[in-house]
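**Student:** no FASTA, just this:
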């Protein structure tokens with residue numbers, strides 16, 4: 001049985017990714033616009049929500065770019081990743097991980113504000129929060145750059161890690177020989 005998607009399934013995937021991406025961009029843009037428009041409601045929690053929304057806009061935008069460009073542009077004739085594929089993979093992965101970190105930071109801020117009643121202590125360390133929420137994801141994804149690209153099965157919009165032919169593993173795990181595999 002083939003793992004490849006039929007033309008109908010690929011079209012459905014493209015439509016679903018585009019619709020969900022547009023909805024994400026619209027929703028996150030509304031958050032950014034309300035933060036910008038209503039200065040009296042600006043607070044640390046809303047500012048962090050804006051950083052989370054910016055991450056989500058970039059993930060949605062690059063997911064949509066990935067499916068709209070398609071396999072012909074993202075890979076060469078041998079199925080190897082083109083630079084645009086690596087860029088798409090880098091951006092979507094970086095901002096997906098950053099989104100997770102901003103969500104965790106917001107949860108920690110709410111804990112510090114409500115339970116510990118020390119929001120000021122958290123706010124005074126916002127430089128550290130930025131370092132963690134942007135720096136840690138960047139370090140993870142930058143370390144993976146040599147492995148970014150398509151495996152042997154193309155799925156529109158998902159330019160991700162591939163196993164190199166000279167290695168039996170991806171990121172140190174044990175693998176199945178020299179074949180490419182998507183993660």
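**Tutor:** Nice, thanks for sending it over. Fair warning: this is a prediction, and the values are worked out from it, not measured in the lab.

**Student:** for the helix or strand harbouring residue 53, which positions count as buried?
**Tutor:** Assigned by DSSP states H and E, residue 53 belongs to helix 44-74. Residues 44-45, 48-67, 69, 74 are the ones in helix 44-74 that count as buried (16 or more other Cβ atoms under 10 Å). (C-beta placed from N, C-alpha, C; glycine too.)

**Student:** Next SSE downstream of it?
**Tutor:** Using DSSP H and E, the helix or strand that follows helix 44-74 in sequence is helix 83-114.

**Student:** if we can go back for a sec, next, the angle helix 83-114 makes with the helix holding residue 53.
**Tutor:** Here helix 44-74 points in a direction 160 degrees away from that of helix 83-114 (axes from the mean of the first three to the mean of the last three Cα atoms, to 10 degrees).

**Student:** Which strands or helices does helix 44-74 pack on?
**Tutor:** Here helix 44-74 touches helix 7-37, helix 83-114, helix 119-123, going by 3 or more Cβ pairs under 8 Å, 6 or more residues apart in numbering; DSSP states H and E.

**Student:** Can you say which of those helices is packed in most?
**Tutor:** Among the helices and strands packed on helix 44-74, ranked by average contacts under mean count of other Cβ atoms under 10 Å, first place goes to helix 83-114 (a mean of 18).
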